[in-house]
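Participant: let's see this in three dimensions:
(chains A and B)
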Amino acid sequence: MSVKELYNKYCQDNTDIPIFFQSWWLDAVCTNGEWTALISKDKQGEILAVWPLYIEKKWGQTLIKMPPMTPYLGPHIKSPDHLTKLNSKYSYTRKVLNDLIEQLPDFIYFNVLCHPGFEELLPLKWRGFKQTNEVSYMIDDMSNLDEVYNSFASSARNKISKAKDRFESEETKDINALYQLMNLTFEKQKKKNPFSLELIQRVCDAINVNQSTYLINQISSNSTVVAANFLVLDNNCAYNLLAGANPDYLKEGVMSLNIWKSIQLASKRVTQFDFEGGQIEPIESFFRSFGGRQVYYSRFVKTKNFLTDLYLLLSGKI
Amino acid sequence: MSEDSSISQYNQSFIQGKDLPIFLWPKWLETVTPKAELHFLHASNDADKTVHLPVRKTKKYGLSILSLPALTPFTGLLFSKNCLQEEKLSLMKKLLENIDTHLCQLSFDKSFDFADLFISNDFRANYKISYQIDTSLSEEQLLANLKSNVRNRVNSLMSNFEFKFHDSTEEFNHLNQLTYKRQGLALPYSKELITHLHQAFNSSSNSHILIAKDHSGNAHAGLFLVNDSSTMYCLAIGSNPSYKSQHAISLLIWKAILFARENALIFDFEGSSIERVESFFRSFGGKQTRLQQLTRVSNPYLDFALKRFYKIS
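Facilitator: Numbering: from 1, shown residues only, chains lettered A, B, ... in the order given. All right, here's what the predicted structure looks like:
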């Protein structure tokens, strides 16, 4: 079996794998480079762990990065349920992770975000990878929507309450309005939208082909779409992956209403809602107001040498 | 209002409740920090609700630095009684506005709820790892959880040693210095600090020096332990390299775990990220815990230099 066949088998056997690890997802988003997977097996050939990597080449050098539209990757290690003692579990995880680390290709730059379930930080730190925490917010249980709503901060509830009578909400599969609103949002921040319409369409097509789910909820005023959210779903969780809004309507609570409507929509299919991010001050305050639990996940960065570090510093990338 | 406040203001709002870690006690802070360096970041609102954050404020090479005091693994926030969550958030935002040093590096324990606010204010967050032993288990269960080589030592070598608590820190300090000397490292705190802490906290049974000696009276290893009402922290270890092969340190830690158990306290190794030390602590069967370390450097070039040459996280 090829590496990718082994990898696919592992993904099929482990249902807790996030959607972003699926090979069809990686095929869809890795457009400027290629992806591969590291695999750790025991002596009997059973796969114990995988680590998908997105690789870009620049000046003939290898850069290991996050693919676009992909918030988490990193090592996925099969839970050692056969081990009861904590020390044995830690030793097992460490051994498997060390095996994966040894398989990493030579690179000049490494910058990877690991999924929140990945907690074994020290082996990477000991090999010179700098670890920092990123934060997201997670609603763990959407089965009782009244409870979910009551856990929102009063400011969020007030905004929703005012907006819900003025705006219409609808589910759609069309990404065009979402994309226009994303452009407006980035323009307001004086930034370029990092995702192309083609890329988002490619992801949507891959989701459809692979019987997965994406949801777009949009908020309209007099038939004009003023806010939209794009969610992708796996077996357990809805990820609030993309969002856009007309800046003229932000003060009218359209984003809060859209999040609430998106939660309602997602709750029909999964129990968890991941807000996806919250590093930037206004977004952190906004996401926090929905009562989710803070979830920390690790970014690991390593550069090959001082010159790479210096280049990144001078180009404003660190 | 958002400004530094004094120890007297901190004392006023400090209530030695059972949940407060020893590292937030005024007496601890005054013992581990020179008076001129002890600061309390502070913010208050119109309803007279306040938050205090004790830190060490120093200057080095012209750089202003906020950090943790020596031998203090983490700091924490002291809010007024009955402070609502939304009030806490707004107080924290004010407090963060007051941090304007070149370098700020602080750690908080797992109960800390505001790392996201720090991150969104340009702090970098990472984890420091420790191990904690749940001493609600029976002695047999604790023994069974040890890695086999440690368990074998406990089963076969305990009778080679006498384990005693000491009022004096002299022997421990000597062992502690030997440990650092063997590694070619300077002691990261003043020679007298453990003595001062032990003098301040021994009478209230919050500080303990535990030493293992062989039957000829040779001190092999020692521990400096402090505790509050929930946790016993293993803050410093000393051992005589000449006797390393006799494994007194493993047995001493086992004794300390049992001592924590007698007092219904969690045992915390106050971990190390050094591979060899971490592996030793892990062999006692504890659960991995994490401290949030939050760092902000005032500009990227200084950050680059500090990371490169001073190895800050």
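Participant: how about the residues of the stretch 151-300 of chain B that lie near chain A?
Facilitator: B:273, B:275, B:278, B:282-288, B:292, B:300 (C-beta under 8 Å from any C-beta of the partner chain). Quick note: C-beta positions are derived from backbone N, CA and C, even for glycine.
Participant: quick one: buried ones out of the residues you listed?
Facilitator: B:278, B:282-286, B:288, B:292 (16 or more other C-beta atoms under 10 Å in any protein chain shown).
Participant: who's in contact with the residue of the stretch 151-300 of chain A found nearest chain B?
Facilitator: Proximity of the stretch 151-300 of chain A to chain B (C-beta to the nearest C-beta) peaks at residue A:284, 3.9 Å away. Contact analysis of residue A:284 by C-beta atoms under 8 Å, 6 or more residues apart in numbering or on different chains lists A:135, A:278, B:116-117, B:119-120.
Participant: related to what we said a few turns ago, greatest separation within the buried ones among the residues of the stretch 151-300 of chain B next to chain A: which pair is it?
Facilitator: Farthest-apart pair in those is B:283 and B:292; separation 25.5 Å (C-beta to C-beta).
Participant: for residue B:71, which three-state class applies?
Facilitator: Look at residue B:71: counting by DSSP: H, G, I helix; E, B strand; the rest coil, its state is coil.
Participant: mind checking pLDDT for it?
Facilitator: Per-residue confidence (pLDDT) for residue B:71: 96.
Participant: would you mind measuring from it to chain A?
Facilitator: Counting by C-beta to the nearest C-beta, to the nearest Å, the gap between residue B:71 and chain A amounts to 23 Å.
Participant: what is the burial count for that residue?
Facilitator: By other C-beta atoms under 10 Å in any protein chain shown, the residues close to residue B:71 number 21.
Participant: also the one 10 residues further on?
Facilitator: By other C-beta under 10 Å, 8 other residues sit near residue B:81.
Participant: so which one among the contacts of residue A:284 has the lowest pLDDT?
Facilitator: Among the contacts of residue A:284, pLDDT bottoms out at residue A:278, giving 66.
Participant: in what helix or strand does the residue in the stretch 101-250 of chain A that chain B sits nearest to lie?
Facilitator: At 3.9 Å from chain B, residue A:133 is the closest residue in the stretch 101-250 of chain A, using C-beta to the nearest C-beta. Using DSSP states H and E, residue A:133 falls within strand A:130-139.
Participant: so does the longest helix along chain A get close to chain B?
Facilitator: Counting residues, the longest helix found in chain A (DSSP state H) is helix A:86-102. Yes: against chain B, helix A:86-102 shows contacts by C-beta under 8 Å from any C-beta at A:86-87, A:90-91.
Participant: which of those has the most neighbours?
Facilitator: Counting neighbours by other C-beta under 10 Å, residue A:90 comes out on top of the residues of helix A:86-102 next to chain B with 24 neighbours.
Participant: return the residues in contact with it.
Facilitator: Here residue A:90 is in contact with A:120, B:282, B:288 (C-beta under 8 Å, 6+ apart).
Participant: count residues in the vicinity of residue A:221, would you?
Facilitator: 17.
Participant: circling back: please identify the helix or strand for the nearest residue to the residue of the stretch 101-250 of chain A closest to chain B once chain neighbours are set aside.
Facilitator: Nearest non-adjacent residue to residue A:133, counting by C-beta to C-beta, 6 or more residues apart in numbering or on different chains: residue B:125, 3.9 Å away. According to DSSP H and E, residue B:125 maps onto strand B:124-133.
Participant: name the helices or strands packed onto that strand?
Facilitator: Applying 3 or more C-beta pairs under 8 Å, 6 or more residues apart in numbering or on different chains; DSSP states H and E, one finds that strand B:124-133 contacts strand A:130-139, helix B:115-120, strand B:266-268, helix B:275-282, strand B:287-297.
Participant: so can I have CSV of the ones you listed showing distance to residue A:189?
Facilitator: Below are those laid out as CSV (distance: least, C-beta to C-beta, whole Å):
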stretch, distance to residue A:189
strand A:130-139, 19
helix B:115-120, 15
strand B:266-268, 44
helix B:275-282, 42
strand B:287-297, 22
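Participant: run through the strands of the stretch 51-200 of chain A in chain order.
Facilitator: Applying DSSP state E, counting those that start in this stretch to the stretch 51-200 of chain A gives strands spanning A:61-65, A:76-77, A:109-113, A:130-139, A:168-172.
Participant: looking at those strands, which is buried most?
Facilitator: strand A:76-77 (a mean of 22; mean count of other C-beta atoms under 10 Å in any protein chain shown).
Participant: for the residue nearest the centre of chain B, grab phi and psi.
Facilitator: Of all residues in chain B, the one closest to the mean position by C-alpha atoms, centre = their mean is residue B:73, 2.8 Å from it. Backbone torsions of residue B:73, given as degrees, to the nearest 10, read phi -70, psi -30.
Participant: which residues does residue B:103 form a beta bridge with?
Facilitator: Beta-bridge pairing for residue B:103 (DSSP bridges): residue B:65, residue B:297.
Participant: tell me the contacts of it?
Facilitator: With the criterion set at C-beta under 8 Å, 6+ apart, residue B:103 makes contact with B:63-67, B:295-298, B:302, B:306, B:312.
Participant: weed out the non-buried ones from these.
Facilitator: In the contacts of residue B:103, the ones that pass as buried (16+ other C-beta under 10 Å) are B:65-67, B:295-297, B:306.
Participant: related to what we said a few turns ago, surely the residue of the stretch 101-250 of chain A closest to chain B meets residue B:115?
Facilitator: Yes: contact criterion C-beta atoms under 8 Å: residue A:133 and residue B:115 qualify, at 7.1 Å.
Participant: next, show the common contact partners of these two.
Facilitator: Contact with both residue A:133 and residue B:115 is made by residues A:296, B:125, B:292, according to C-beta under 8 Å, 6+ apart.
Participant: got those residues as TSV, with pLDDT and distance to residue A:264 columns?
Facilitator: Below are the shared contacts of residue A:133 and residue B:115 laid out as TSV (pLDDT from 0 to 100; distance: C-beta to C-beta, whole Å):
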residue	pLDDT	distance to residue A:264
A:296	94	27
B:125	95	32
B:292	95	33
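Participant: who are the packing partners of the lengthiest helix in chain B?
Facilitator: Across chain B, the helix with the greatest residue count (assigned by DSSP H) is helix B:248-262. When contacts are defined as 3+ C-beta pairs under 8 Å, 6+ apart, helix B:248-262 sits against helix B:139-145, helix B:148-157, strand B:161-166, strand B:207-214, strand B:219-227, strand B:231-239, strand B:266-268.
Participant: many thanks, I have nothing further to ask.
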